[in-house]
Each structure stands twice: as C-alpha cells, then as structure tokens.
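Visitor: Quick one: sequence plus predicted model below, questions after.
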Amino acid sequence: MKILSAVLVGAALIAATPAHAQKLDLSTVKCKEFIESSKENIGLILMWLTGYFTDEDDPPVIDFDKMKTDGEKLGAYCGKNPGMALITAAEEVMGK
C-alpha cells in the first residue's frame, strides 16, 4: 500500500510541474499555417495582432466585433494568399 501511495504522489508531482512554454515567431508564420491553426490559436493570434496594430494613444478598449471582422477579412485574404507571411497579410488587412 505504501508503494502505491508513493507512486501516486510521484505521479501527481510530475503532473503538477509546469509545461514548457511555447513560443510562436509570427514573422515566420505563413497564412496557410494560420488558417489551419486551432480556433484557440487563431483567437490568440488575432488578439495579439489587434494590440500590435493599435495606436499607442488609442484607448485601452477591445472591440470584439471589429476583431471578428478583421479576423474574417484576414482569413479570406490568407485563403487567397496561403504562401504569404501572416504579418504581411495582417498589415494589408489590419494596418492603418
């Protein structure tokens, strides 16, 4: 019984260790990779891009409707240009 408890405690400690952080270099991501990403990753990337293309003096407000519209435009643009760099496509669609 003590061995089983020790194994369970060991397994719990291993499971509790933080996962390795993931990094995504958006300068290397192509449109094809973006549109094939999970819905969660697309949302995170769109959130980052929205912040990236927001002027420094703009109010700290997230416009989810605009972000959705920009995401749809970016998805359509990337669908037509799958080999283009995502950041370049985003500049075309979301840049001011």
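Guide: Yes, it's here.
Visitor: give me the element the nearest residue to Glu92 once chain neighbours are set aside is part of.
Guide: Distances taken as Cβ to Cβ, 6 or more residues apart in numbering place Tyr77 nearest to Glu92, at 6.5 Å, with adjacent residues excluded. Where you see a C-beta, it was placed from the backbone N, CA and C, and this is true even at glycine. Per DSSP states H and E, Tyr77 falls inside helix 64-80.
Visitor: repeat for Asp25
Guide: Using DSSP H and E, Asp25 maps to neither a helix nor a strand.
Visitor: Begin at 57, not 1, for the rest of this chat.
Guide: I'll keep to 57 as the first residue from here, and by that count the last item is Asp81.
Visitor: Who are the contact partners of it?
Guide: Going by Cβ atoms under 8 Å, 6 or more residues apart in numbering, Asp81 touches no other residue.
Visitor: picking up where we left off before, so the residue nearest to Glu148 touches Cys87, yeah?
Guide: Yes - if you go by Cβ atoms under 8 Å, Tyr133 and Cys87 touch, sitting 7.5 Å apart.
Visitor: any residues in contact with both of the two?
Guide: Ala145.
Visitor: More neighbours: these two, which one.
Guide: Per other Cβ atoms under 10 Å, whichever of Tyr133 and Cys87 has more neighbours is Cys87, with 22 against 17.
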